[in-house]
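>>> My questions are about this predicted structure, shown below with the sequence.
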Amino acid sequence: MDKHLFNLKFAAKQLDRNAKKCDKEEKTEKIKLKRAIEKGNMDGARIHAENAIRQKNQSLNFLRMSARVDAVAQRVQSAVTMRQVTGSMAGVVKSMDSALKSMNLEKVASLMETFERQFETLDVQSQAMEDAMSSTTTLTVPQGQVDTLMQEVADAAGLELKMELPGAQTTAPVGTASTASAEQDELTQRLAKLRQM
(Lines give C-alpha, C1' and ligand atoms only; values in the text may rest on other atoms or scores of the structure.)
Protein backbone atom coordinates (compact mmCIF):
# COMPACT_ATOMS: atom_id res chain seq x y z
CA MET A 1 0.00 0.00 0.00
CA ASP A 2 2.89 2.37 0.78
CA LYS A 3 4.35 1.72 -2.68
CA HIS A 4 1.04 2.68 -4.30
CA LEU A 5 0.89 5.81 -2.16
CA PHE A 6 4.39 6.80 -3.28
CA ASN A 7 3.48 6.19 -6.93
CA LEU A 8 0.34 8.32 -6.61
CA LYS A 9 2.20 11.22 -5.00
CA PHE A 10 4.91 10.95 -7.66
CA ALA A 11 2.29 10.97 -10.43
CA ALA A 12 0.62 14.07 -8.94
CA LYS A 13 3.97 15.91 -8.84
CA GLN A 14 4.71 14.82 -12.42
CA LEU A 15 1.35 16.21 -13.55
CA ASP A 16 2.05 19.50 -11.73
CA ARG A 17 5.41 19.75 -13.48
CA ASN A 18 3.77 19.11 -16.85
CA ALA A 19 1.18 21.82 -16.14
CA LYS A 20 3.94 24.33 -15.33
CA LYS A 21 5.79 23.33 -18.50
CA CYS A 22 2.63 23.94 -20.54
CA ASP A 23 2.19 27.35 -18.88
CA LYS A 24 5.74 28.25 -19.85
CA GLU A 25 5.17 27.11 -23.43
CA GLU A 26 1.90 29.09 -23.55
CA LYS A 27 3.78 32.27 -22.59
CA THR A 28 6.39 31.54 -25.25
CA GLU A 29 3.68 31.09 -27.87
CA LYS A 30 2.06 34.38 -26.83
CA ILE A 31 5.39 36.16 -27.30
CA LYS A 32 5.76 34.56 -30.74
CA LEU A 33 2.17 35.58 -31.51
CA LYS A 34 2.91 39.20 -30.63
CA ARG A 35 6.05 39.21 -32.81
CA ALA A 36 4.16 37.68 -35.73
CA ILE A 37 1.42 40.32 -35.43
CA GLU A 38 4.03 43.09 -35.28
CA LYS A 39 5.63 41.73 -38.49
CA GLY A 40 2.24 41.44 -40.19
CA ASN A 41 2.49 37.63 -40.50
CA MET A 42 -1.17 36.80 -39.86
CA ASP A 43 -0.91 33.12 -40.80
CA GLY A 44 1.98 32.62 -38.39
CA ALA A 45 0.15 34.63 -35.73
CA ARG A 46 -2.92 32.43 -36.10
CA ILE A 47 -0.76 29.31 -35.66
CA HIS A 48 0.89 30.74 -32.54
CA ALA A 49 -2.51 31.74 -31.11
CA GLU A 50 -3.81 28.20 -31.64
CA ASN A 51 -0.67 26.77 -30.02
CA ALA A 52 -1.06 29.09 -27.02
CA ILE A 53 -4.68 28.06 -26.55
CA ARG A 54 -3.76 24.39 -26.88
CA GLN A 55 -1.00 24.75 -24.27
CA LYS A 56 -3.38 26.54 -21.88
CA ASN A 57 -6.00 23.79 -22.24
CA GLN A 58 -3.34 21.10 -21.76
CA SER A 59 -2.10 22.85 -18.62
CA LEU A 60 -5.63 22.96 -17.18
CA ASN A 61 -6.11 19.28 -18.00
CA PHE A 62 -2.86 18.41 -16.21
CA LEU A 63 -3.92 20.44 -13.15
CA ARG A 64 -7.34 18.75 -13.03
CA MET A 65 -5.76 15.31 -13.27
CA SER A 66 -3.18 16.23 -10.62
CA ALA A 67 -5.95 17.29 -8.22
CA ARG A 68 -7.79 14.03 -8.77
CA VAL A 69 -4.67 11.92 -8.28
CA ASP A 70 -3.83 13.94 -5.16
CA ALA A 71 -7.33 13.27 -3.79
CA VAL A 72 -6.84 9.55 -4.33
CA ALA A 73 -3.40 9.74 -2.69
CA GLN A 74 -4.94 11.41 0.37
CA ARG A 75 -7.50 8.65 0.65
CA VAL A 76 -4.79 5.99 0.38
CA GLN A 77 -2.74 7.90 2.99
CA SER A 78 -5.69 7.88 5.37
CA ALA A 79 -6.19 4.15 4.81
CA VAL A 80 -2.52 3.48 5.57
CA THR A 81 -2.69 5.65 8.70
CA MET A 82 -5.89 4.02 9.90
CA ARG A 83 -4.34 0.58 9.42
CA GLN A 84 -1.31 1.62 11.51
CA VAL A 85 -3.45 3.11 14.29
CA THR A 86 -5.73 0.08 14.30
CA GLY A 87 -2.71 -2.21 14.68
CA SER A 88 -1.35 -0.09 17.54
CA MET A 89 -4.70 -0.05 19.32
CA ALA A 90 -5.07 -3.81 18.95
CA GLY A 91 -1.68 -4.25 20.62
CA VAL A 92 -2.67 -1.91 23.45
CA VAL A 93 -5.93 -3.76 24.01
CA LYS A 94 -4.10 -7.09 24.24
CA SER A 95 -1.62 -5.63 26.72
CA MET A 96 -4.47 -4.13 28.75
CA ASP A 97 -6.15 -7.52 28.83
CA SER A 98 -3.10 -9.22 30.26
CA ALA A 99 -2.47 -6.33 32.68
CA LEU A 100 -6.01 -6.47 34.00
CA LYS A 101 -5.63 -10.18 34.63
CA SER A 102 -2.54 -9.60 36.73
CA MET A 103 -4.04 -6.40 38.25
CA ASN A 104 -0.67 -4.62 38.23
CA LEU A 105 -1.96 -1.06 38.77
CA GLU A 106 1.18 0.66 37.47
CA LYS A 107 1.05 -1.34 34.27
CA VAL A 108 -2.69 -0.66 33.90
CA ALA A 109 -2.16 3.10 34.36
CA SER A 110 0.72 3.10 31.87
CA LEU A 111 -1.33 1.20 29.31
CA MET A 112 -4.30 3.51 29.80
CA GLU A 113 -2.09 6.54 29.10
CA THR A 114 -0.78 4.85 25.97
CA PHE A 115 -4.31 4.05 24.90
CA GLU A 116 -5.41 7.66 25.40
CA ARG A 117 -2.45 8.92 23.34
CA GLN A 118 -3.32 6.47 20.57
CA PHE A 119 -6.94 7.56 20.68
CA GLU A 120 -5.95 11.25 20.46
CA THR A 121 -3.68 10.40 17.53
CA LEU A 122 -6.60 8.67 15.85
CA ASP A 123 -8.77 11.76 16.36
CA VAL A 124 -6.12 14.07 14.94
CA GLN A 125 -5.49 11.82 11.95
CA SER A 126 -9.20 11.39 11.29
CA GLN A 127 -9.65 15.18 11.35
CA ALA A 128 -6.65 15.64 9.04
CA MET A 129 -8.09 13.04 6.67
CA GLU A 130 -11.48 14.79 6.62
CA ASP A 131 -9.82 18.17 6.03
CA ALA A 132 -7.68 16.79 3.21
CA MET A 133 -10.62 15.08 1.54
CA SER A 134 -12.80 18.18 1.74
CA SER A 135 -10.05 20.42 0.37
CA THR A 136 -9.02 18.13 -2.49
CA THR A 137 -12.45 17.09 -3.63
CA THR A 138 -13.16 20.21 -5.63
CA LEU A 139 -15.88 18.54 -7.64
CA THR A 140 -18.41 19.17 -4.87
CA VAL A 141 -17.98 22.96 -4.98
CA PRO A 142 -21.11 24.53 -6.50
CA GLN A 143 -20.41 26.13 -9.86
CA GLY A 144 -22.40 29.22 -8.87
CA GLN A 145 -20.02 29.94 -5.99
CA VAL A 146 -17.01 29.50 -8.27
CA ASP A 147 -18.51 31.90 -10.86
CA THR A 148 -19.37 34.45 -8.16
CA LEU A 149 -15.85 34.35 -6.72
CA MET A 150 -14.31 34.72 -10.17
CA GLN A 151 -16.54 37.74 -10.86
CA GLU A 152 -15.67 39.35 -7.50
CA VAL A 153 -11.93 38.94 -8.11
CA ALA A 154 -12.29 40.32 -11.65
CA ASP A 155 -14.30 43.30 -10.36
CA ALA A 156 -11.72 43.98 -7.66
CA ALA A 157 -8.94 43.95 -10.26
CA GLY A 158 -10.96 46.15 -12.62
CA LEU A 159 -11.22 43.45 -15.27
CA GLU A 160 -14.14 42.39 -17.42
CA LEU A 161 -14.83 38.67 -17.00
CA LYS A 162 -16.20 36.69 -19.94
CA MET A 163 -17.95 33.63 -18.49
CA GLU A 164 -18.95 32.09 -21.82
CA LEU A 165 -16.60 30.59 -24.38
CA PRO A 166 -15.66 32.86 -27.23
CA GLY A 167 -18.18 32.17 -29.97
CA ALA A 168 -18.50 33.99 -33.23
CA GLN A 169 -15.81 36.59 -33.64
CA THR A 170 -16.85 40.20 -33.86
CA THR A 171 -16.79 41.66 -37.34
CA ALA A 172 -14.19 44.13 -38.42
CA PRO A 173 -15.16 47.80 -38.30
CA VAL A 174 -16.81 49.18 -41.41
CA GLY A 175 -14.58 51.23 -43.62
CA THR A 176 -11.19 49.60 -42.88
CA ALA A 177 -8.48 50.24 -45.40
CA SER A 178 -7.92 46.60 -46.37
CA THR A 179 -8.70 43.03 -45.41
CA ALA A 180 -5.26 42.76 -43.78
CA SER A 181 -6.15 45.44 -41.25
CA ALA A 182 -9.53 43.74 -40.67
CA GLU A 183 -7.75 40.46 -39.96
CA GLN A 184 -5.35 42.25 -37.64
CA ASP A 185 -8.26 43.83 -35.74
CA GLU A 186 -9.87 40.42 -35.40
CA LEU A 187 -6.62 38.88 -34.13
CA THR A 188 -6.18 41.75 -31.68
CA GLN A 189 -9.68 41.14 -30.34
CA ARG A 190 -9.02 37.39 -30.06
CA LEU A 191 -5.77 38.10 -28.24
CA ALA A 192 -7.60 40.40 -25.82
CA LYS A 193 -10.14 37.64 -25.15
CA LEU A 194 -7.31 35.16 -24.54
CA ARG A 195 -5.76 37.49 -21.99
CA GLN A 196 -9.08 37.76 -20.15
CA MET A 197 -9.38 33.98 -19.74
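Great, that's in hand.
>>> Low-confidence bits of the chain, can you list those?
Filtered on pLDDT under 70, the chain yields the residue ranges 1, 99-100, 102-105, 108, 129, 132-154, 156-180, 191, 194-195, 197.
>>> What helices and strands are in contact with the longest helix along it?
Under DSSP state H, the helix in the chain containing the largest number of residues is helix 42-102. Contact partners of helix 42-102 among helices and strands, from 3 or more C-beta pairs under 8 Å, 6 or more residues apart in numbering; DSSP states H and E: helix 2-39, helix 105-136, helix 179-196. Heads up, the C-betas are built off the backbone N, CA and C, glycines and all.
>>> any chance of these in JSON lines, plus mean neighbour count and distance to residue 54?
Output for these, formatted as JSON lines (neighbours: other C-beta atoms under 10 Å; distance: least, C-beta to C-beta, whole Å):
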{"stretch": "helix 2-39", "mean neighbour count": "15", "distance to residue 54": "8"}
{"stretch": "helix 105-136", "mean neighbour count": "13", "distance to residue 54": "27"}
{"stretch": "helix 179-196", "mean neighbour count": "14", "distance to residue 54": "12"}
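>>> Turn those into JSON lines, including distance to residue 66.
Shown next, in JSON lines, are those (distance: least, C-beta to C-beta, whole Å):
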{"stretch": "helix 2-39", "distance to residue 66": "4"}
{"stretch": "helix 105-136", "distance to residue 66": "10"}
{"stretch": "helix 179-196", "distance to residue 66": "23"}
